[in-house]
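> here is a sequence with its predicted model. Questions after.
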Amino acid sequence: MIVLSVLVAAVFLLTGAAKLFALAPMRERAAHAGFSVTAYRGIGALEIAGAAGVLLGLSVPLLGALAGAGLLLLLVGALVTHVRSHDRGRDLVPAVVCAGLVAGYLVALGVSP
């Protein structure tokens, strides 16, 4: 459980930080998806908060479950955005893999996603 929690947190800390700092690839992705850089930074902040919640969930499982559910909702939004942007194939893979990872985390916690 610890390894899965750290893996989920690491993924979302990295992607969230890239969005929050508005790195060039993230600015391009924001524009492609029709988001402002400010909105994309907000998504990054939510990802970082979710990652922190997952790590805190090691001590407070309810908090981890809530954070995981929030991250899963963000990923549903990401998939909807990809579909609306007419993305295909490899563009969908990161969101699908992350959704699977978070769903696995929730199952390991005993929560049905």
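That came in fine, so what should we check first?

> helix or strand for Arg41, which one?
Assessed by DSSP states H and E, Arg41 sits inside helix 37-56.

> avg pLDDT for the helix or strand just after that helix?
Once helix 37-56 ends, the next helix or strand along the chain (criterion: DSSP H and E) is helix 61-84. For helix 61-84, mean pLDDT rounds to 96.

> what's the angle between helix 61-84 and helix 37-56?
150 degrees (axes from the mean of the first three to the mean of the last three C-alpha atoms, to 10 degrees).

> helix or strand right after helix 61-84?
For helix 61-84, the following helix or strand on the C-terminal side (DSSP H and E) is helix 93-109.

> hmm, who's touching that next one?
Applying C-beta atoms under 8 Å, 6 or more residues apart in numbering, the contact partners of helix 93-109 are 1, 4-5, 7-8, 11-12, 54, 57, 61, 64-65, 68-69, 71-72, 75-76, 78-79, 82, 112-113. Every residue, glycine included, has its C-beta placed from N, CA and C.

> which of the residues you listed count as buried?
Neighbour counting over these (16 or more other C-beta atoms under 10 Å) leaves 4-5, 8, 11-12, 54, 57, 64-65, 68-69, 71-72, 75, 78-79, 82 as the buried ones.

> got the buried residues for stretch 33-51?
Quick answer for stretch 33-51 (16+ other C-beta under 10 Å): 33, 35, 40-41, 43-44, 46-48, 50-51.
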